[in-house]
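A.B. asks: Show me how the following folds:
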Amino acid sequence: MNLQAEYFDKIKNGSKTIELRLFDEKRQQLNLNDIIIFNKEAEKIEQIKVCIVGFLSYNSFQKKYKDFLIQENIRNINKNLV
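C.D. replies: As a prediction, this is how the structure comes out:
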């Protein structure tokens, strides 16, 4: 799978731990513990391998957005407590 350089770098440095994709026919073939190879878009000479550790499914974008907004707020609170 290809990723824009900005997101590739964030996954590589650990600041991005979730990749969101439409659950189309291609993604429906994925399973837990599968390895995905991400290519850094444009030059495609850099790759990283990641393991699928879970799936999240949402019926609407609004529900997904609300869930991730709550998680981001919790992360920010935890950072401030340290």
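
A.B. asks: Next up, identify which helix or strand the residue sitting nearest the centre point of the chain is on.
C.D. replies: Geometric centre of the chain, nearest residue: residue 19, 1.6 Å, by Cα atoms, centre = their mean. Following DSSP states H and E, one finds residue 19 outside all helices and strands.

A.B. asks: which SS state does the nearest residue in space to it that is not next to it in sequence fall under?
C.D. replies: Counting by Cβ to Cβ, 6 or more residues apart in numbering, the nearest residue to residue 19 once its immediate chain neighbours are dropped is residue 11, at 7.2 Å. In short, each C-beta sits where N, CA and C put it, glycine included. Using DSSP: H, G, I helix; E, B strand; the rest coil, the structure places residue 11 in helix.

A.B. asks: Would you confirm that residue 11 contacts residue 39?
C.D. replies: No. With contact defined as Cβ atoms under 8 Å, residue 11 does not count as touching residue 39 (11.6 Å).

A.B. asks: so what's in contact with the two at the same time?
C.D. replies: residue 3 (Cβ atoms under 8 Å, 6 or more residues apart in numbering).

A.B. asks: ok, which stretches of this protein are helices?
C.D. replies: With DSSP state H as the criterion, the chain has helices at 5-13, 61-81.
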